[in-house]
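Trainee: Predicted model and sequence follow; I will ask about them next.
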Amino acid sequence: MLKIKHIAAFLSIIRLKNLVIILLAQFITAYFLLNMPSWMLMKPRFILFILSTGMIGAAGYIINDYFDQKIDMVNRPNSVVVGTTLRRRLALFAHVVLTISGIGIGFMIDPIIGAVHIFSAGALWTYSAVLKRWILLGTLTISFLTSLTLLLVMIYFKEFSLLVVAYAMFGCVTIFIRESIKDIISAKGEGQFGYQSVPIVWGIRGAKTFIYLAGLAGVGMLSYYLWSIPNWNLRYFFFSVFLIILWMAYKLTKADKIKDFKTLKNYVDGIILAGLISVTLI
């Protein structure tokens, strides 16, 4: 019998907050970057489109927790859902239902979107089962798939925009940094199960180096983007974001404990949110 605790557990493993941010990013991309009228975004077809993206994302989160159960029991034993509150078989069933539903809706909307959903679902499964065990492959996969959610909006409307590409690239770099920090936080559990992430192979100093390089790349792309867009409101806004990035870089040099890296991850989440807000200033 389905209980409240099972519903709460399900909402926990699909990362509802993250899904809302992804779907909101797609909506904002369509409205502010592609200049689509609001009535077009209220159509059932577009709503189904963003829901199908959410289904693929939710399925990815579930299958990741499914494969990571033992690692999570080491890193965060008090917040493990799959295998405790929610049976593994039920979690796998939810993953299959969400994946098939998302792909089916995608094909119903546009065969290309359906094909992209198949690719994304397959990549998320492969990431959880194999790729995240190997150095950089998992981090790069998640970074690309996140940026793909914005590029998918262009595919839906069959419109090309350099602005969307610029934001997708900035999002890719930001997520790379976030995932790199998460690798440091998870290194203890992953190391016990043969994972080969950057902090495990090259140590925390090596992981920090990758984060610095990714940060420089992100700042470089952002600077070029601001130089090409004569919007002073946007420039002032991102100048404040630069200050956050500089502060984060300083804190990264001092970070040596898990709680320090968790704080840094929160900074990155703030930068991602700032990126979403900046779109409304264009």
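Mentor: Happy to help now that I have it.
Trainee: can you map out the helices along the stretch 1-150 of the chain?
Mentor: Using DSSP state H, counting those that start in this stretch, the helices of the stretch 1-150 of the chain run over 4-13, 16-28, 38-41, 44-67, 69-75, 88-109, 111-129, 137-157.
Trainee: Tell me which of those lies nearest to Ala187.
Mentor: helix 69-75 (8.9 Å; C-beta to C-beta). Backbone N, C-alpha and C define where each C-beta goes, glycine included.
Trainee: Show residues contacting that closest one.
Mentor: Helix 69-75 has contacts (C-beta atoms under 8 Å, 6 or more residues apart in numbering) with 65, 79-80, 82-83, 88, 185-186, 188-190, 192-193, 195.
Trainee: Pull out the buried residues from it.
Mentor: Neighbour counts over helix 69-75 (16 or more other C-beta atoms under 10 Å) mark Ile71, Asp72, Asn75 as buried.
Trainee: which one among the residues you listed gets closest to Met36?
Mentor: Of those, the one sitting nearest to Met36 (C-beta to C-beta) turns out to be Asp72, at 39.8 Å.
Trainee: Distance of the closest one relative to Thr84?
Mentor: Using C-beta to C-beta, to the nearest Å, one gets 10 Å for the distance from Asp72 to Thr84.
Trainee: quick revisit: show me the one of the helices of the stretch 1-150 of the chain that comes nearest Trp227.
Mentor: helix 137-157 (21.3 Å).
Trainee: Ile155 is in contact with Val116, isn't it?
Mentor: Yes - with contact defined as C-beta atoms under 8 Å, Ile155 reaches Val116; the gap is 6.8 Å.
Trainee: higher neighbour count, the two?
Mentor: Between Ile155 and Val116, Val116 has the larger neighbour count (other C-beta atoms under 10 Å), namely 21 against 16.
Trainee: list the contacts for the more buried one?
Mentor: Going by C-beta under 8 Å, 6+ apart, Val116 touches Gly106, Leu148, Leu152, Ile155.
Trainee: In contact with the first one: list those residues for me.
Mentor: Gly106 is in contact with Phe49, Ser52, Ile113, Gly114, Ala115, Val116, His117, counting by C-beta under 8 Å, 6+ apart.
Trainee: again, but for the second one
Mentor: Leu148 sits next to Val116, Ser120, Ala168 when contact means C-beta under 8 Å, 6+ apart.
Trainee: Now do Cys172, the pLDDT please.
Mentor: Per-residue pLDDT puts Cys172 at 89.
Trainee: I meant Leu226, not that one.
Mentor: Leu226 carries a pLDDT score of 69 in this model.
Trainee: Check His6 too.
Mentor: 69.
Trainee: Start the count at 186 instead of 1 going forward.
Mentor: Okay, using 186 as the starting number, the last item reads as His191.
Trainee: helices and strands of this structure: which one bottoms out on pLDDT?
Mentor: Lowest by mean pLDDT, DSSP states H and E among the helices and strands of the chain is helix 189-198, with a mean of 79.
Trainee: mind listing what's buried in it?
Mentor: Ala194, Phe195, Ser197, Ile198.
Trainee: got it, and stretch 448-465?
Mentor: By neighbour count on 16+ other C-beta under 10 Å, the buried set for stretch 448-465 is Leu449, Lys450, Tyr452, Val453, Ile456, Ile457, Ala459, Gly460, Leu461, Ser463, Val464.
Trainee: likewise stretch 433-442?
Mentor: Quick answer for stretch 433-442 (16+ other C-beta under 10 Å): Met433, Ala434, Leu437, Ala440.
Trainee: same deal with stretch 287-298?
Mentor: Gly287, Ile288, Ile290, Gly291, Phe292, Ile294, Ile298.
Trainee: What of stretch 321-329?
Mentor: Leu321, Leu322, Gly323, Thr324, Thr326, Ile327, Ser328, Phe329.
Trainee: Just give me the closest of those to Asn416.
Mentor: Ser328 (26.4 Å).
Trainee: right, and the closest one touches Ser365 too?
Mentor: No - checked against C-beta under 8 Å, the pair Ser328 and Ser365 is beyond contact range at 9.5 Å.
Trainee: circling back: can you name the two of the contacts of Val301 that are farthest apart?
Mentor: Gly291 and Leu333 (12.8 Å).
Trainee: Below-threshold pLDDT in the stretch 186-335 of the chain: ranges please.
Mentor: 186-188, 191 (pLDDT under 70).
Trainee: Most neighbours of all the contacts of Gly291, which one?
Mentor: With neighbours taken as other C-beta under 10 Å, the top of these is Phe234, carrying 26 neighbours.
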